[in-house]
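In: Just a sequence and a predicted model for now, questions to come.
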Amino acid sequence: MHGVSPAASVFLSVFTLIQSTVEALQVIGGNVTVVQGGTANFPCQLIGATETLSQISWQKKTREKPQNNNFFTILKTGPHFVNGYDDRFKFTGDLKAKNGSLQLFRVTLMDEGTYTCIFTLFPSGIHKTEIPLNVLVPPVTILKDDHPLLGNEEVSLVTCTAAGSKPPAEISWLTGALAGKVRESTTSTLNANSTTTTISSLLGVPTRELDGQLVKCVATSAAMKIEETLPFTIQLYFPPMKGTILEISEGSFICEAEANPPANITWSRIDLLWPQSAVREGAVLRLKEMTRDLNGLYQCEASNQHGSKQQQLCVYVALTPGNCTACWVLFSLLFILIVAVAAVGYLYKSGRIQWSGDRQPVPGNSPPPEEGEVLRESNQ
């Protein structure tokens, strides 16, 4: 080699050797994706190295700690935590085999970020690879009854929510017999932690046709192994209607009304105090003893949060002849008096009886008094 000193020749040879060695080294890692709550395996393998391995170290930059920081080191004396202990990490590699693999248990969204595996060799120095960790979050899926009131205008019947999903969840509906009679309305909201909440409502006109029909909300997400299906039976709500009072046995009456939610039944007595011989047992009114103090008008009120309906029951306890002879005598005298008054009234109207000035009846065939004479009597 002409024009090159012996010292320079040695330097070039050493540099070429080191450069060739560095180019032959590889740190193999990869991308890691895990569902929240699961276990992440971080692969890290150094291949093609003939130099002395001093240590393996790990750094991380996560949602929880956005600044890159050391947290784990593997030396000849064994693995050690740096800047705080975290029992969720476990060294699964082998220093002699130049394997720096780690495991992370019970992964949370806050663990998402970049993990860097670093090999320190002599004399070439540091060789590393970055391993991104992507955390999937399955949605929390719930159904909410929107309590539609019976009516003729379109309203929301039921709402399905897939909350906090990463990536966003998709919601669809299985409507069965209601196909074409209901429709979907879906919105999505991006949350501060990069998860998405998807809300889908099933809309329809709340007629009797919809009441009791089965529909299903289906939620799918890459964070879920299988789709989640939530069944729901549509209920229509309305105030009490079609109220009736039925006698279920002698002296016992039940108040009924169609309502949703079921009506609360209250018995009361109109304009009178509640009698001791009447008992209220929820929707049932029981008359224990048939006494006159029961006589009167009773009311049952069926009510829920949407309205109320009232029904009346008239109770009259008649007395038997054997128990009240005096009552029947009085009734007979009253009947005779009514007949007599009616007879007198009839005779007066027919002209058979006329009244004189002193209010005494005179026979109908007597001549009427002269006008002057009547006036005189009236002036006396």
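Out: Received, thanks.

In: Is Asp146 in contact with Cys160, as I believe?
Out: No - taking contacts as C-beta atoms under 8 Å, Asp146 lies outside contact range of Cys160: 10.8 Å. All C-beta atoms are positioned from the backbone trio N, CA, C, and that covers glycine.

In: Just the helices from the stretch 1-150 of the chain, written as ranges.
Out: With helices called from DSSP state H, counting those that start in this stretch, the stretch 1-150 of the chain shows them at 6-24.

In: What of the stretch 201-350 of the chain?
Out: Along the stretch 201-350 of the chain, the segments classed as helices by DSSP H, counting those that start in this stretch run 325-350.

In: Run through it and note the low-pLDDT ranges.
Out: Along the stretch 201-350 of the chain, segments meeting pLDDT under 70 span 319-335, 337-350.

In: Give me the contact list for stretch 280-292.
Out: Identification of contacts with stretch 280-292 by C-beta atoms under 8 Å, 6 or more residues apart in numbering yields 248, 251-256, 265, 267, 275, 277-279, 294, 298, 300, 313, 315, 317, 319.

In: Mind checking what secondary structure Thr187 has?
Out: Here Thr187 is recorded as strand under DSSP: H, G, I helix; E, B strand; the rest coil.

In: ok, how many other residues are close to it?
Out: Neighbours of Thr187 under the rule other C-beta atoms under 10 Å: 9.

In: swap in the one 3 residues further on?
Out: For Leu190, the number of neighbouring residues by other C-beta under 10 Å comes to 10.

In: go on, Thr198?
Out: If we define neighbours as other C-beta under 10 Å, then Thr198 has 22 of them.

In: How about the secondary structure of it?
Out: Reduced to three states by three-state DSSP, Thr198 is strand.

In: Quick check: it touching Ser165?
Out: Yes - the pair Thr198 / Ser165 is scored as a contact, 6.8 Å apart, by C-beta under 8 Å.

In: Report the set of residues contacting both of those two.
Out: Counting by C-beta under 8 Å, 6+ apart, the contacts common to Thr198 and Ser165 are Pro139.

In: Closest to the centroid, which residue in the protein?
Out: The chain has Lys144 as the residue nearest its centroid, 3.7 Å off, counting by C-alpha atoms, centre = their mean.

In: Now it: closest residue in space that isn't a chain neighbour?
Out: Nearest residue to Lys144, sequence neighbours excluded (C-beta to C-beta, 6 or more residues apart in numbering): Thr159, at 4.6 Å.

In: Same check on Val155?
Out: Pro148 (4.9 Å).

In: again, but for Ala263
Out: Excluding the flanking residues, the one nearest Ala263 by C-beta to C-beta, 6+ apart is Ala302, at 3.8 Å.

In: Hmm, that neighbour is touching Trp267, no?
Out: No - using C-beta under 8 Å, Ala302 makes no contact with Trp267, being 10.7 Å away.

In: Compare those two (neighbour count), which wins?
Out: Set Ala302 next to Trp267 and count neighbours by other C-beta under 10 Å: Ala302 wins out with 26 against 20.

In: any idea how far Trp274 is from that one?
Out: From Ala302 over to Trp274 the distance is 19 Å, taken as C-beta to C-beta, to the nearest Å.

In: same thing with Asn99?
Out: Using C-beta to C-beta, Asn99 is found at 88 Å from Trp274.

In: likewise Thr129?
Out: Counting by C-beta to C-beta, the gap from Thr129 to Trp274 is 87 Å.

In: Same drill for these two, tell me which one is more crowded.
Out: A side-by-side neighbour count of Thr129 and Trp274, using other C-beta under 10 Å, places Thr129 first with 19 against 13.

In: In contact with the more buried one, which residues?
Out: Thr129 makes contact with 27-29, 44, 116-117, according to C-beta under 8 Å, 6+ apart.

In: partners of it in the sheet?
Out: Cys117 (DSSP bridges).

In: all strands of the stretch 151-300 of the chain, in order?
Out: Secondary structure of the stretch 151-300 of the chain (DSSP state E, counting those that start in this stretch): strands at 155-165, 170-174, 182-190, 196-204, 214-220, 228-233, 238-249, 252-260, 264-269, 278-281, 284-287, 296-304.

In: For those strands, give me CSV that also has distance to Val34.
Out: What follows is the strands of the stretch 151-300 of the chain, written out as CSV (distance: least, C-beta to C-beta, whole Å):
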stretch, distance to Val34
strand 155-165, 15
strand 170-174, 21
strand 182-190, 22
strand 196-204, 19
strand 214-220, 19
strand 228-233, 20
strand 238-249, 50
strand 252-260, 46
strand 264-269, 53
strand 278-281, 61
strand 284-287, 62
strand 296-304, 50
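
In: With respect to Asn68, which of these lies nearest?
Out: Of all the strands of the stretch 151-300 of the chain, strand 182-190 sits nearest to Asn68, with 26.4 Å by C-beta to C-beta.

In: measure the residue nearest to Val155 to Thr116 for me?
Out: 55 Å.

In: Who has more neighbours out of these two?
Out: Each of Pro148 and Thr116 has its neighbours counted (other C-beta under 10 Å); Pro148 has more, 22 against 19.

In: thought the more buried one was touching Asn260?
Out: No - counting by C-beta under 8 Å, Pro148 stays clear of Asn260, with 10.5 Å between them.
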